[in-house]
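*Asks:* please work out how this folds:
(chains A, B, C and D)
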Protein chains: 4
Amino acid sequence: MSSTFGTLYRVTTFGESHCYGVGGVVDGCPPGLALTEADIQPQLTRRRPGQSAISTPRKEEDQVMILSGTEQGITLGTPIGLLVKNKDQRPGDYKEMSQIPRPSHADYTYQMKYGVRASSGGGRSSARETIGRVAAGAIAEKFLKETFGVEIVAWVSAVGELQAADLSAAPPSREQVDQTIIRCPDPEMAPKMEEAITAAREEGDSMGGVVTCVCRNVPAGLGEPVFEKLEAYLAQAMMSLPATKGFEIGSGFSGAAMRGSRHNDPFVRKEHGLGTATNFSGGIQGGISNGEPIVFRVAFKPPATISKVQHTTTFDGKPVDLAAAGRHDPCVVNRAIPIVETMAAIVLADLTLRQRARRPDSLPSR
Amino acid sequence: MSSTFGTLYRVTTFGESHCYGVGGVVDGCPPGLALTEADIQPQLTRRRPGQSAISTPRKEEDQVMILSGTEQGITLGTPIGLLVKNKDQRPGDYKEMSQIPRPSHADYTYQMKYGVRASSGGGRSSARETIGRVAAGAIAEKFLKETFGVEIVAWVSAVGELQAADLSAAPPSREQVDQTIIRCPDPEMAPKMEEAITAAREEGDSMGGVVTCVCRNVPAGLGEPVFEKLEAYLAQAMMSLPATKGFEIGSGFSGAAMRGSRHNDPFVRKEHGLGTATNFSGGIQGGISNGEPIVFRVAFKPPATISKVQHTTTFDGKPVDLAAAGRHDPCVVNRAIPIVETMAAIVLADLTLRQRARRPDSLPSR
Amino acid sequence: MSSTFGTLYRVTTFGESHCYGVGGVVDGCPPGLALTEADIQPQLTRRRPGQSAISTPRKEEDQVMILSGTEQGITLGTPIGLLVKNKDQRPGDYKEMSQIPRPSHADYTYQMKYGVRASSGGGRSSARETIGRVAAGAIAEKFLKETFGVEIVAWVSAVGELQAADLSAAPPSREQVDQTIIRCPDPEMAPKMEEAITAAREEGDSMGGVVTCVCRNVPAGLGEPVFEKLEAYLAQAMMSLPATKGFEIGSGFSGAAMRGSRHNDPFVRKEHGLGTATNFSGGIQGGISNGEPIVFRVAFKPPATISKVQHTTTFDGKPVDLAAAGRHDPCVVNRAIPIVETMAAIVLADLTLRQRARRPDSLPSR
Amino acid sequence: MSSTFGTLYRVTTFGESHCYGVGGVVDGCPPGLALTEADIQPQLTRRRPGQSAISTPRKEEDQVMILSGTEQGITLGTPIGLLVKNKDQRPGDYKEMSQIPRPSHADYTYQMKYGVRASSGGGRSSARETIGRVAAGAIAEKFLKETFGVEIVAWVSAVGELQAADLSAAPPSREQVDQTIIRCPDPEMAPKMEEAITAAREEGDSMGGVVTCVCRNVPAGLGEPVFEKLEAYLAQAMMSLPATKGFEIGSGFSGAAMRGSRHNDPFVRKEHGLGTATNFSGGIQGGISNGEPIVFRVAFKPPATISKVQHTTTFDGKPVDLAAAGRHDPCVVNRAIPIVETMAAIVLADLTLRQRARRPDSLPSR
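*Replies:* Prediction:
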C-alpha cells in the first residue's frame, strides 16, 4: 500500500519530479458532492513553490485537471483521477551529483532499495510528490466542511529556535495565516523568522521548523481502535511527509513531564453535550475523538539540499566536497501548511466514513 | 483494519480486560522458523503487571498458548493463533464509575463511538490489549534476529522531568535495562525516577515519561514510499499504543531547531559499505533505512486513572467528585519497554518481507 | 491478506487439523447486536462431520467459545475472538502417506510453497479450516437478518450426474433442506443421491456435486465497482472453499448460450419499487445488487482422498500404489451447505457496511 | 478497495466513458524492468473497439501514455501512472434513455447505489473501464515473461451454442488466436461463430460466449491460502469483468459429475520434478499452483444493449418500449481476450511477489 492511503476515502498518488506529471486517484469520495478544479486549486496554489524570496524560485503553475469521477460539477462516487503536469524540468542541474549521494537526502537509500533511481535522486521522496495528496485532501476538506462544518487550519509555530506564541486554543483563520510569507500568525515573530531564513539562505544553509494544526468541529467518535487510533493515523499521515522528524498530539512530549492530576482533562457540560475543561488530550481519548479541537504539531528538519560545502563521499566511498548547485528551498515549513491541512482532512474523511458504516446515527445529521 | 496491522507480516489482536482472554493471530510469518511458547513468553513476562511496588499489584500469569501455525516447534507458514487467558477478573472495582466517565480515559469516547462499552470502560484502549501485540512481536523479533541479526532495545529515558543521559549512540543491553525496576540504564537517574514515582503514588497521582528505542543491524532499503515510509510506519505503531502523546525519529523536534549544515549526516566509508558520520536522520532517509541504527523516542502521558479527587461530571453532565478506587499503575513507561520493542519488530518484519518481494538480492543473505 | 477476508466486516481465521484449535477473529461487527454462542453453534453443528453414514465418522463436538468482543450477550463493536478446540487428533493415520503426496490433494503444493507441511498434509486446505468462517459468518447472518430481514439458504442441487429440480425461483427453507442427510430438497432425487454416494463409498470412491444458494431481501445498491463487484466478491468467497471448481451467478454458463433479447431482465413495477420480470442476472447488474434474489451455484469436485488404489509417485518421483487408510468423506456437498451460506453472509455484511458508509439513507432503515 | 486490486502488484483504475480519460496506477511493479508505451499498446489495441463488422464501430485510438514511474525506458519501482484519453465522446446518444433504465444494464443499480449517475449510465460498469486493467496487466505480463517465461493465452471457445474443439491441452499462440476476428482458433467453428453474430446483429440482438485461458510455465507454489487461493483470486479477477456470469477452473462444473478415482490427477515424474498425468485440477491444488498449466474458463452473457424492442419500464415504473439507438457490440467475447489475459497476469504477478517475500529460494532464479 506504499502509495495508497486510507480505507474508505482512499488516495493513491503517482509521479516524480521529472516525469510527465504527478497526481492521484481518490477512490471512495461520496457521490453528490459539488466539485470542480476551482475547489482544489487554492490549496495547490498555496503549496506551490516560487512564491517568495524564501522559497525555491522554480516556476510551476501546478494547475490541476480532474480526469474522471465528476460530471457537470458533481461527484459520481467513482474514482476521481487528478493530474498536474510537470512543466519546469531541468534534470541537468542534478547531473553532477549523480556519483555523489547528497547527505540526508534519499539518493543513497533509493539506490539501495530499488537498484535504480530517478535522475532527480529519490524521486518519490521529493516534495513534488505531495501534489497528489494536496489535491486529494482538498476534496476531503470540502466533504468534511459541508458535512460537519469541520475547520482545519495549520500555521508555522517555530522556525529554528524562534518559537511563536501558542495560538492553539484560539487558532487563526487561513487568511490570517497567509498574511505573512512564512505563514506564522504571530505578528512579532513572523518577520524574525523570515529574516532568519534569509540569513540562512545567504549562507547557503537551510532551516527547520514546526507546524501546528488544529481541527475544529470534528464529531466525537472518530478513530478506529486499535491500530488506527486517530492519533496513530494522524502520526502516520504526518510522518509520511518529506522532512518530518516528530509528531505530537495535545500535550505531546511536554505531557510526559506532567502528573496525571494536572494532565487529566476533567469533563464539563457544554452546549452540545460533554466537553473538557482543558485539552491536554488534544481532542482524542483512547484513540477516538471527543468533540474537542484536535491539536497536533509536526517537526520538519532543515532541507537537506544546501549550497554550503559538505565533506562527504561518492557512492564508491571516495571522500569528496559537495556544494549543491540546483535551486532549493532554505525552509519548507510555510509550504508545508496546506500539505498538513489536507493530509489531516484525508484522515478525518476516511474515519468519518468508517464511523458512518458502524453507526450512522452516531454522527450529526447533515 | 482497526485491529489488524501489517501487510505481509500481519497481526490481528482481540480481547478486553474482563472477557475470556486476549490474544492475536500472526498471518504471514515465514515457514521453517523454530518457535515455541518459550520464545514468546519472556517479552510477555516483561510486560506483565504486578512486578514491583511501582506497578499495579494485579496478579496475572499471562501465560501464552500457541493455538495453531506450528508443528513440532517449527512454523508452518500458516496463521499463528495466540491466546492468553484473563485470570484476575474483578469487574466490581469499576462498578461505581459506571455513571462517571473517567477524565482522560476512553469511557466517554467509547460510549460515543459504540453506543455501548465494556464494564471496564474503554476495553480495547486498555493496556491489556497490548498482550496480543507483544506475543506477535516477539515472533517478529526472533525472525529478524535469526535472519539479519537485528537487535532491538528500548529503555526509559525520562520520567516526569527527570531526564536520563543520552545512551542512544551506545545502547544498553536488555539485561542492563532490566537491572532496575524502572528500566532506566542510567544508574544515577534510575533511583531518582523510582522515588519520584513512589512519591506520586503516595499522593494518589501518576507520572509520564519517555521511552527511547534503538534498532541495530537493520538492512538498508526497508521502508515503503510514500505512505509507509519507515518513520511513518513506526510512528503509527507507537502512537497506536495506549497513553502515547508524541513520537520522534532521530533528531526529532530538536532537529527543527538546527540548520541543514549541522543536521545533514555526511557519508563516510564503513566496513560494509557507506555509513554516515552522524545520525540525526535516525537511520532513515527518504523513508528508507540507510543501515545506521534506527533511533526513536515515544512520549507517554501520566496514566489517567488516579486516586486523587477530580472535579468532573457524570455522563449526564452533573458535577461530581471522582476518586478512583481500583488498582492502577502510577507510571507505565517501564512496562511499555517490551511493547515498544515488539511493535518495532512487527514494523521491521513486515517491511523486510516487502523488500524481499521487490528485490530479494538487495537484502543480506541468511 | 491470505487468512483475512473483508474490508469492514473483516474475518481472520487460523488453525490446522491437528493443532490446539481452529477459529477466527471478526473485526468490525457492529456494536449492540445480541450475540451468544447459541447464535453461532447451529451452523457449526450443521457443518460438523460424523453426522451420518455418508459423512466421515470422526467425532468432533466443535463447540464454539466466544473469547472476546461481547459482554452480557451484547457485541461491543470490538473484535470477536472465536475458538473451537480440536478434540479428535489422530495424526498416526496419515503417517504412511508422508512420503507420498496424495493425488489432487495439497500435500505437494504445500511442500513446494512452504518447504514444510503439517503432518496432516496441506493443513490449511483442510475442511476443518472452514470452522472459523462458519462461526464468523453465522454472526454476519444474524446481523443481516436483524437489519434487513435477509434470508440465505443453500442446498444440494446435484450429486454426480444426478440433477435436482431447479428450485431457485422458490427456494426451500433450511428446515426443508435438512430433512434429508444429503440436504437436497427434491424428494425424488435425494434418496437417489444418497444411494449413489453409498455406492461410491463402498467402492472406495468419492463423488462431487453442486450447491445452489439464494439470498433474499438483499437491499439494492450492494457491491463495490470495480474489483469488488458483488458477483466477483461472491466468486472469490466461494472459490476459496476447499474442493470448489466453478461458480455461476444467475444464468451462469447457460447464459453464454442465450441471446440478449432473451437474457435481458426487463423492469416491472413491484411493491417496493422497480423489480425485474425475469432474473437471469441473478440479482446483480453492473456488479451491484438490484433487490431481486441473488442466485448462485458452486461446483465441488469429488474429494481427493479415496481408498481405491491409485497409481502415482512418491515425492521423489518413484512410482507407487496408494490406497488411503484414513477416514474420509465420500462426498462433501451436504456439509458445504452451511459454509456456503455463511460465506455469502460475510460478503453481504461487508458490502452492507460499505454502502452504509457511502450513503446511509440508501439502505432501508432498521 | 473497490477500484484497487492486488496486494504487492497493485492496480488502481479510474475513468468513465465520457470524462477526460481512463487509466490507472500500478504500484509495486519491480524496478529495473524495461518498459515503454510500446510494451503496453499491443494489448490495448487488441482490446480496442471498432476493429470489425462484429464489433462496435466507435473509433477510439486508445493510445496509452506513461505518466510516471519510468525513466529512460526503465521502471523505477515507483507508481506507474497510465492514461488513455477519451476521444470519441457522444453523450447525446444516451440522452433519450435517461428516464429508462436499460434492462440488465447498470443504470438502475448505479442510481440506487450512488443517487446519481453518469450520462452514459453505469459509468464504471462500462467496458471502457477495462482499459486501465489491460494497460496495467500488460506490464505484469512482461514481468512474468521475463522472470519465468510465463505464457498466457486466451481464446473464444464458445459463442452462443457453438462450441469450439477443446484446445486447452495444446493451446494456440496469440498469433493463431488473432487469425480470425472472433479469435476462435478452431478453423471450422470460427466462421460459423462470425456468421451467428452477424445474424444476431442484423436482428438487433446480441450473443454471449465463453473464453478459455491457459497460463503455462507458472512456477509451483503461487496462491495464498485461505482467502486468496489462486483459483479464488482468478475468479474474483474474472468475475469483476463486465458481463461475466461464470468461472471454472480445470474440470469446472463437469468435475462435479465425476468420481474421485477419475478426477484425481496422479503424480508422474517430469523433467523438472513432479507433474501430473492428467490436469483436472487446472494446475492448482489446495489453492496453490502445482507447475502444470493453469486452465480456466469464463462465461460472458450477451451484451445488454440491443436495438430490438424491449418491453420494460421507466425509472418511475411506467411501462415503455425501449429500442437502443446507440452503437453497441453484438458480442464482446473476442474483445475480452486481452482483458482476460492481462487480468490473469495481474493475479500471477501479485502472487509471485508474495511468494518471493515468503521464500525467495522457492522460485526459479531469473
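*Asks:* got the phi and psi for the residue in the stretch 51-200 of chain A that chain B sits nearest to?
*Replies:* The nearest approach of the stretch 51-200 of chain A to chain B comes at residue A:106, 2.4 Å away (CB to the nearest CB). In this view, the C-beta of every residue, glycine as well, is placed from N, C-alpha and C. Recorded main-chain torsions at residue A:106 are phi -100, psi 10, according to degrees, to the nearest 10.
*Asks:* same question, the one 10 residues further on
*Replies:* Geometry field for residue A:116 lists phi and psi as phi -160, psi 150, criterion degrees, to the nearest 10.
*Asks:* in the stretch 151-300 of chain A, what residue spans correspond to strands?
*Replies:* Secondary structure of the stretch 151-300 of chain A by DSSP state E, counting those that start in this stretch: the strands cover A:151-159, A:162-163, A:209-216, A:244-249, A:267-270, A:273-276, A:284-285, A:288-289, A:294-300.
*Asks:* mean confidence score for the fifth one?
*Replies:* This means strand A:267-270. The average pLDDT within strand A:267-270 is 96.
*Asks:* that one and chain B in contact?
*Replies:* Yes. Strand A:267-270 comes into contact with chain B when judged by CB under 8 Å from any CB of the partner chain, the residues involved being A:267-269.
*Asks:* out of those residues, who's nearest residue B:276?
*Replies:* Set against residue B:276, the nearest of the residues of strand A:267-270 next to chain B by CB to CB is residue A:267 (48.7 Å).
*Asks:* just checking, that closest one touches residue B:310?
*Replies:* No. At 9.3 Å, residue A:267 does not count as touching residue B:310 under the criterion of CB atoms under 8 Å.
*Asks:* helix or strand for the nearest residue to residue A:31 once chain neighbours are set aside, which one?
*Replies:* The spatially closest residue to residue A:31, leaving aside those adjacent along the chain, is residue A:77, at 3.1 Å (CB to CB, 6 or more residues apart in numbering or on different chains). Assignment of secondary structure by DSSP states H and E places residue A:77 within no helix or strand.
*Asks:* next, the contact list for residue A:77, please.
*Replies:* With contacts defined as CB atoms under 8 Å, 6 or more residues apart in numbering or on different chains, the neighbours of residue A:77 are A:29-32, C:358, D:113-114, D:116.
*Asks:* report the two of those separated the most.
*Replies:* A:29 and D:113 (14.0 Å).
*Asks:* still on that earlier bit, the more surrounded of residue A:267 and residue B:310?
*Replies:* Residue environment comparison for residue A:267 versus residue B:310 gives the larger neighbour count to residue A:267, 29 against 22, counting by other CB atoms under 10 Å in any protein chain shown.
*Asks:* for residue A:277, grab the count of nearby residues.
*Replies:* Taking other CB under 10 Å as the criterion, the count of residues near residue A:277 is 14.
*Asks:* my error: substitute residue A:119 in the last question.
*Replies:* A count of nearby residues for residue A:119, using other CB under 10 Å, gives 18.
*Asks:* I'd assumed residue D:71 was in contact with it.
*Replies:* Yes. With contact defined as CB under 8 Å, residue A:119 counts as touching residue D:71 (6.3 Å).
*Asks:* which residue ranges form the strands in the stretch 1-150 of chain A?
*Replies:* Counting by DSSP E, counting those that start in this stretch, the stretch 1-150 of chain A has strands at residues A:4-5, A:10-14, A:21-27, A:64-66, A:70-71, A:74-75, A:80-85.
*Asks:* elements contacting the fourth one?
*Replies:* Pointing back at strand A:64-66 there. Using 3 or more CB pairs under 8 Å, 6 or more residues apart in numbering or on different chains; DSSP states H and E as the contact test, the elements touching strand A:64-66 are helix A:37-47, strand A:80-85.
*Asks:* now the strands of the stretch 1-150 of chain A as TSV including mean pLDDT and mean neighbour count?
*Replies:* What follows is the strands of the stretch 1-150 of chain A, written out as TSV (pLDDT from 0 to 100; neighbours: other CB atoms under 10 Å in any protein chain shown):
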stretch	mean pLDDT	mean neighbour count
strand A:4-5	98	26
strand A:10-14	98	29
strand A:21-27	97	28
strand A:64-66	97	21
strand A:70-71	94	22
strand A:74-75	96	19
strand A:80-85	97	26
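*Asks:* make CSV from these and add distance to residue B:287 to it.
*Replies:* Formatted as CSV, those follow (distance: least, CB to CB, whole Å):
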stretch, distance to residue B:287
strand A:4-5, 13
strand A:10-14, 14
strand A:21-27, 17
strand A:64-66, 25
strand A:70-71, 32
strand A:74-75, 31
strand A:80-85, 22
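*Asks:* do you know which of those strands lies nearest residue D:229?
*Replies:* Across these, closest to residue D:229 is strand A:4-5 (CB to CB), at 23.9 Å.
*Asks:* quickly run through the sheet partners of the closest one, with directions.
*Replies:* For strand A:4-5, the paired strands and their directions (DSSP bridges) are strand A:10-14 (antiparallel).
*Asks:* please state the offset of the strand it pairs with from the chain centre?
*Replies:* Strand A:10-14 sits 14 Å away from the centroid of its parent chain (CA atoms, centre = their mean, to the nearest Å).
*Asks:* show me where chain A has its helices.
*Replies:* Residue ranges of the helices in chain A, as given by DSSP state H, are A:37-47, A:107-114, A:130-148, A:174-177, A:189-202, A:230-239, A:252-255, A:260-263, A:333-358.
*Asks:* for these, which one ends up most surrounded?
*Replies:* Taking mean count of other CB atoms under 10 Å in any protein chain shown as the contact definition, the stretch among those with the greatest mean neighbour count is helix A:230-239, which reaches a mean of 29.
*Asks:* can you tell me how far the residue of chain A most remote from its centre sits from residue A:163?
*Replies:* If you look at how far each residue of chain A sits from its centre, by CA atoms, centre = their mean, the farthest one is residue A:318, at 36.6 Å. Counting by CB to CB, to the nearest Å, the separation of residue A:318 from residue A:163 is 42 Å.
*Asks:* mutual contacts of residue A:119 and residue D:71, please.
*Replies:* Taking CB under 8 Å, 6+ apart as the contact criterion, the common neighbours of residue A:119 and residue D:71 are residue A:18.
*Asks:* pLDDT wise, what is the residue nearest to residue A:165 when sequence neighbours are not counted at?
*Replies:* Nearest residue to residue A:165, sequence neighbours excluded (CB to CB, 6+ apart): residue A:186, at 4.9 Å. The predicted local confidence for residue A:186 comes out at a pLDDT of 98.
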